[in-house]
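K.L.:
no FASTA, just this:
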Ligand SMILES: [Zn+2]
């Protein structure tokens, strides 16, 4: 194992950064009154990181919303991207036992809005990158790959900040680490999400003569049979890294029909899929169209629409990266059912891991907090990652052969 970049990890500096980060109200929300900009936070981080020797760029992605890109070695190939969102969900101070925007320590925990999701990780990233820049000043040939910090806007709402970064022509890194709270367990995949609305249109008429119209509910019965069969087919391909180890298909909402003495002219069915492997929207739509049409003999017309844009799944086939991460963290890699920016950002690196301090179960609620021990553990992990991936002749490099 290579010597770590900083030993012991600079925990006091990390907590100072976290305290400042929590002090900014950077909540994002679909409700305009609860939506805050993140420019003050980004400006502060940019000043701190510039002073520490990093080269920083601030990029506007929406009105009042900014991404920050900060590089330790802009002239070297990119080794690592440490990425995190700078926004939080909104807080209701009345539900908190302490001020949400003041970092408060109690019983080994640090409480504050975003302390867990995910300003704790941002503070660790800043600490690690500043230490690497400092080391580089003393030992200019120590690194052969650079470290980039990426702070994104609006993850809690539209993920537009991550999408804006992914659309840039930036160099690909070897490894991308997204610091969402995973209690220091590496996450190497998550499901996607696709919702569809099926509109089934028949012909109205008096119920006393059902043959005089075309009942959309009979069309619905056939469509549900097709979808039930497809759900069973999806279940045949399993990935045991997930707690629900297959692509799920779930019908959620049915609406339609006006009166019991009328032939139902139209019905709408909302259903969703959560695929375990990439399923582009066009391919999914073609599959659904074909199967639903094949199964339809009711005389109704079927029309599929997409109520929300699909979220792609975070999918990679990197067994050696998984072995490396399991060795590094002493935790087996997992896949999860919730979505992160990984699905958008994974194209920016050859391998991607979601790995961060704190427990996701403590996020998005009053009295959100992060264990100090997790911050300390995460700093040590970041130090080892930097050493393995970015240092000249990094020893663990071979372990990551499938993604390098
Ligand atoms: Zn988060």
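P.N.:
In hand now; what should we look at? Just so it is clear, the model here is predicted, and its values are computed rather than measured. Numbers count the residues shown, from 1 in each chain.
K.L.:
Just the helices from this protein, written as ranges.
P.N.:
Under the criterion DSSP state H, the chain contains helices at 11-23, 39-51, 120-138, 160-166, 216-235, 281-294, 319-329, 342-345, 372-390.
K.L.:
Out of those, which gets nearest to residue 29?
P.N.:
Across those, residue 29 has its closest neighbour in helix 160-166 (13.5 Å, Cβ to Cβ). Backbone N, C-alpha and C define where each C-beta goes, glycine included.
K.L.:
Can you list the buried residues in that closest one?
P.N.:
Across helix 160-166, burial judged by 16 or more other Cβ atoms under 10 Å covers 160, 161, 162, 164, 165, 166.
K.L.:
contacting residues for the residue positioned nearest the centre of the chain?
P.N.:
In the chain, the residue lying closest to the centroid (Cα atoms, centre = their mean) is residue 340, at 0.9 Å. Residue 340 makes contact with 178, 180, 187, 190, 314, 354, according to Cβ atoms under 8 Å, 6 or more residues apart in numbering.
K.L.:
which residues does residue 377 contact?
P.N.:
Each residue near residue 377 by Cβ under 8 Å, 6+ apart is listed here: 184, 357.
K.L.:
Quick check: the gap between the closest residue to residue 212 other than its chain neighbours and the ion.
P.N.:
Leaving aside its chain neighbours, residue 212 sits nearest to residue 205 (4.2 Å; criterion: Cβ to Cβ, 6 or more residues apart in numbering). Separation of residue 205 from the ion (Cβ to the ion, to the nearest Å): 53 Å.
K.L.:
For the residue lying closest to residue 349 once chain neighbours are set aside, list each beta-bridge partner.
P.N.:
Nearest in space to residue 349, with sequence neighbours left out and distances taken as Cβ to Cβ, 6+ apart, is residue 176 at 3.6 Å. Per DSSP bridges, the residues bridged to residue 176 are residue 81, residue 352.
K.L.:
Wait, residue 176 touches residue 355, no?
P.N.:
No - Residue 176 lies out of contact with residue 355 (Cβ atoms under 8 Å); the separation is 10.3 Å.
K.L.:
Between those two, tell me which one has more neighbours.
P.N.:
More crowded of residue 176 and residue 355, by other Cβ atoms under 10 Å: residue 355, with 28 against 25.
K.L.:
surely that one meets residue 175?
P.N.:
No - if you go by Cβ under 8 Å, residue 355 and residue 175 don't touch, sitting 10.3 Å apart.
K.L.:
Which single residue in the stretch 101-250 of the chain comes nearest to the ion?
P.N.:
residue 117 (4.1 Å; Cβ to the ion).
K.L.:
And for the stretch 301-404 of the chain?
P.N.:
The stretch 301-404 of the chain approaches the ion most closely through residue 363 (6.3 Å), counting by Cβ to the ion.
K.L.:
what about that residue, how many residues close to it?
P.N.:
If you count neighbours by other Cβ under 10 Å, residue 363 ends up with 19.
K.L.:
Burial check on the closest residue to it other than its chain neighbours, number of neighbours?
P.N.:
Nearest residue to residue 363 in three dimensions, chain neighbours excluded: residue 117, at 3.6 Å (Cβ to Cβ, 6+ apart). Neighbourhood size, residue 117 [other Cβ under 10 Å]: 28.
K.L.:
need the contact list for residue 117.
P.N.:
Residue 117 neighbours (Cβ under 8 Å, 6+ apart): 88, 89, 180, 181, 358, 360, 362, 363, 364, 368.
K.L.:
Now for the residue lying closest to residue 303 once chain neighbours are set aside, how many residues are close by?
P.N.:
Residue nearest to residue 303 in three dimensions, not counting chain neighbours: residue 199, with 4.5 Å by Cβ to Cβ, 6+ apart. In terms of burial, residue 199 registers 16 neighbours under the definition other Cβ under 10 Å.
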